[in-house]
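Chemist: fold the following.
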Amino acid sequence: MSKSTIRVAICGGGLAGSLLFHALAKYAHIDAHIFESAATFRGEGLAIGLARNALSALDLIGPSATRCLEQAGAAPLRGVRFMLAEGEQKGSMIDEDDGEAHGKRVTSIVHRAALLEQLLADVPSDRMHHSKKLDRIEKKGGQAGPITLYFTDGSTHECDILVGADGIHSTVRKIIDPNAGPQNTGWWAVMVLKPFAEAEVTLREGPRDINAREYMWVGDGAFALHNVLDNGERLQLIIASKNQAAESSDSWQQEVGADALRKICESWPDHLRNTVDKLICDQPTQRALYLWDHLPAKSYVSGPICVIGDAAHATTPWQGSGGGMSVEDCLILSALLGRAKGLDEALVALSVYDEVRRPRTQSIVESSRVTGTILAGQGEETGLDLEKLRQKLLPRWSFIIDFDNEAHLKKALEILEQKLEH
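Modeler: I've put the predicted structure just below:
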C-alpha cells in the first residue's frame, strides 16, 4: 500500500525543531514546513553538550545528522571529571567518566548556532518561515481534519500534524494543556564564552587535560563547570547558585555583581578562583539566567498535536540532558511518522511517541532537580563529604547516558505495529 502525504508543521527552529525537520527529510510522503518566531533561524545560548546517548540517537537518525555535528565543530571530550571545590579535601577528584579508559564516547560539546546552521543548510527556502509567531489554531473535521495555524503577522498555514518545538514558553504546549506552564527553580547561572588562550594560563595551574575534559566543581551552595568547544578554540565557564527568594517567582534573570561572584568562590582552589576572577569578574555585573523546568505533563499529545524538546520537558541543566532528550525525541517521532502510511496512522504514531517518551523524559527532569542540589554541595546524604559524593554522584547519570536507543526505537516501532493491527 502506498503512503499518502502527511503535512507536518513544526513550530520552533531551535535544536529540536531543526533536527526533526532534518530527520523527516528522508521520507518522501512527509511534507514538512518549519516556522520560527524570531527574525532568523539562529540558536540562542552558548554551547550544548551531547552525551553518548544523544550521539547514539544521532547515529540512528542517519549519517547526515552525524555529519552536521562534525561540521559544526563539535569537540569530543575524553572524559568528564567531578571535582570538590570546597571543604577539607578541596581540589580532590570525586569521580570521572573516562571515555578513553572504557572505550566509550562521553560527550561532544558544540556551539548551538553552528549546529543549527548545519542542520538547516540544505533546507529549501520555501520550507523555512521566519518571523512567524503562532497565535492560535483552528481544527476542522475532528481529529483527522486539517489544522489551520494563525500567526501574529496575519498569515496562515494549513497542516495535518502540528509539532510544537517552541521551547519552554511553548504556545503549542498551552494548546494541549493550558495549565502546564514552567516553574522557576530559584537556581541561576552566569555563562561566559571566551577564547581558550585567555583561560589557559590560570586553568593550567590546576588539573591537566582541561582542553579535553569537562570539569564540574562541587561548591558549598554553588557549582562551576568549564569545557571547551569550537575545536578547542573557546572555553565555556558557568557559575551557578541559588536565590531562594526567587523560587516559583516570575523572574527570568537577575544581575549579579562581581563582588558577589568573588564571594561565592573565595574558598575555591586558587586556579579556579583566579579563572573566575579573570573571565567573569572582569565586568562590574553579569547577567544571570534563572533555571526553569516543567512539572510533569499529563500528555505530550492531543490528537494531531504534539510537543517535543523543551516544549515538552524543559529541564534544569545539571545533568546536561536537555539537548540529549531533544535528539532522542526526534529519533522516535521521525521514525514513527516515517512508518505511518497516512494521517490515521500518523495519529496512532503520535500516541506511541507519548507512550514511550514521556516516562523517560520526566524521570530525567526529576533526577536533574535532585542532582543540582548534590552538585551544589547541598545533598542531604552527601554534603561536601568526598567519600559519600563518590558513592552517590556519578551513578546518577547511568540511566541517562547508558540508555539503549536502538532498543528504545525498536520498542516504539513494535508498539506502533501492534496498535495498527487492532
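Chemist: where in the stretch 101-250 of the chain is pLDDT low?
Modeler: By pLDDT under 70, the low-scoring segments of the stretch 101-250 of the chain are 101-102, 204-212, 231.
Chemist: ok, and the closest non-adjacent residue to residue 71?
Modeler: In space, and not counting its chain neighbours, residue 71 is closest to residue 118: 5.0 Å by CB to CB, 6 or more residues apart in numbering. Quick note: C-beta positions are derived from backbone N, CA and C, even for glycine.
Chemist: oh, that last question was meant for residue 349, not what I typed.
Modeler: Residue 349's closest residue in space is residue 336 (CB to CB, 6+ apart), at 3.8 Å.
Chemist: quick one: contacts for the residue nearest to residue 71?
Modeler: 67-69, 71-72 (CB atoms under 8 Å, 6 or more residues apart in numbering).
Chemist: buried residues in stretch 327-347?
Modeler: Neighbour-count burial for stretch 327-347 flags 327-340, 342-343, 345-347 (criterion: 16 or more other CB atoms under 10 Å).
Chemist: again with stretch 247-267
Modeler: By 16+ other CB under 10 Å, the buried positions in stretch 247-267 come out as 251, 256, 258, 261, 264-265.
Chemist: could you do stretch 226-242 as well?
Modeler: Buried residues in stretch 226-242, defined by neighbour count with 16+ other CB under 10 Å: 226-230, 234-242.
Chemist: show me what the residue nearest to residue 305 when sequence neighbours are not counted is bridged to.
Modeler: Closest residue in space to residue 305, ignoring its immediate chain neighbours: residue 162 at 4.7 Å, by CB to CB, 6+ apart. Per DSSP bridges, the residues bridged to residue 162 are residue 9, residue 305.
Chemist: neighbours of residue 162, just the number please.
Modeler: Other residues near residue 162 come to 25 when the count uses other CB atoms under 10 Å.
Chemist: ok, now the one 5 residues further on?
Modeler: Summarising burial for residue 167: neighbours were counted as other CB under 10 Å, giving 23.
Chemist: once you drop chain neighbours, what's closest to it?
Modeler: Per CB to CB, 6+ apart, closest to residue 167 is residue 310, 4.8 Å.
Chemist: what number of residues lie near that neighbour?
Modeler: Using other CB under 10 Å, residue 310 is surrounded by 28 other residues.
Chemist: same deal with the one 10 residues further on?
Modeler: Residue 320: 25 surrounding residues under other CB under 10 Å.
Chemist: list the contacts for it?
Modeler: By CB under 8 Å, 6+ apart, the contact list for residue 320 reads 49, 51, 107.
Chemist: any chance of those residues in TSV, plus neighbour count, secondary structure and distance to residue 411?
Modeler: Below are the contacts of residue 320 laid out as TSV (neighbours: other CB atoms under 10 Å; DSSP: H, G, I helix; E, B strand; the rest coil; distance: CB to CB, whole Å):
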residue	neighbour count	secondary structure	distance to residue 411
49	26	strand	26
51	25	strand	21
107	25	strand	25
